[in-house]
Structure formats: structure tokens, C-alpha cells
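[1] The sequence isn't on hand, but the structure is:
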């Protein structure tokens, strides 16, 4: 059974779920545990080196990934690069979601302009 491990800070949309099933034949979606999710979503900006910080996440991946599984990796740029390089060194594929952004400008009666960005899922791309 092909699995997609989720290393990102939000939940997948139904469009993303359907796309992963259709594009990659994913049968199961594996979220991070609450502890690992907190780690991934809150990478301290003051750390100079992420190796030790990300070790629990690497351990989780080593213990749970099987042949043909994929990992959706999106988050802190340094942590994302580190995990993607790690996955590739083990022969696994990492993907990220692509979106099309629609910017709406909302003008209020007070003269202020508020910009709202709406992101629409387009597809997944391999790193």
C-alpha cells in the first residue's frame, strides 16, 4: 500500500487528497504525531544548525517509510532542504504542492485596501 507522509503545517484539501490518489496511487495519508508536528511547524529561527533538532523526524521516517512511499515536504526552507536531501540519500521521493495564487483587493469605506491571497491547488511536483 503506497503511503504519503505529510510534513507540512496545514491539513490537505480534498482537491490535494484526490490529486495524490490519482497522480501517485496513494492509498494512505500519514500525518505526523502531535509531538513531531509541533517540531516541524515551529523550527526555531535562532538555531544555526538543524541536524540535531530534526533527528526525531529523521528517525520517524527511517522507521516508517517503505519502498514506493512518498513524503510531502513543505515548511521552513532550511528544514525542508535538509529533509529532502536526507530522503533522496535513502532513495525516497519527496514532493511539494504547486498552487496558483489569486490576489483580491478589498477596498473599505475608510479608504484602506486589504489584499487577500487565495491559493488554488494545481498539482504536485517532485523535488
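    Perfect, thanks for sending it. Remember, predicted model here, so these are calculated numbers, not experimental data.

[2] Where does residue 36 sit: helix, strand or coil?
    When classified by DSSP: H, G, I helix; E, B strand; the rest coil, residue 36 comes out as helix.

[3] which residues touch it?
    Counting by CB atoms under 8 Å, 6 or more residues apart in numbering, residue 36 makes contact with 56, 57, 60. The way it works is simple: take the backbone N, C-alpha and C, and place the C-beta from them, glycine included.

[4] dump the residue contacts of the last one.
    The neighbours of residue 60, taking CB under 8 Å, 6+ apart as the test, are 32, 33, 36.

[5] could the residues you listed be laid out in TSV, adding pLDDT?
    Formatted as TSV, these follow (pLDDT from 0 to 100):
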residue	pLDDT
32	98
33	98
36	98
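
[6] hang on, the earlier thing: from the contacts of residue 36, which ones fall inside helices?
    Judged by DSSP state H, the subset of these located in helices is 56, 57, 60.

[7] Look up how far residue 16 lies from the second one.
    Translated: residue 57. Per CB to CB, to the nearest Å, residue 57 is found 21 Å from residue 16.

[8] how much space between residue 108 and residue 53?
    Counting by CB to CB, the gap from residue 108 to residue 53 is 42 Å.

[9] Compare those two (neighbour count), which wins?
    residue 53 (14 against 8; other CB atoms under 10 Å).

[10] my read: that one touches residue 43, true?
    Yes - with contact defined as CB atoms under 8 Å, residue 53 counts as touching residue 43 (7.1 Å).
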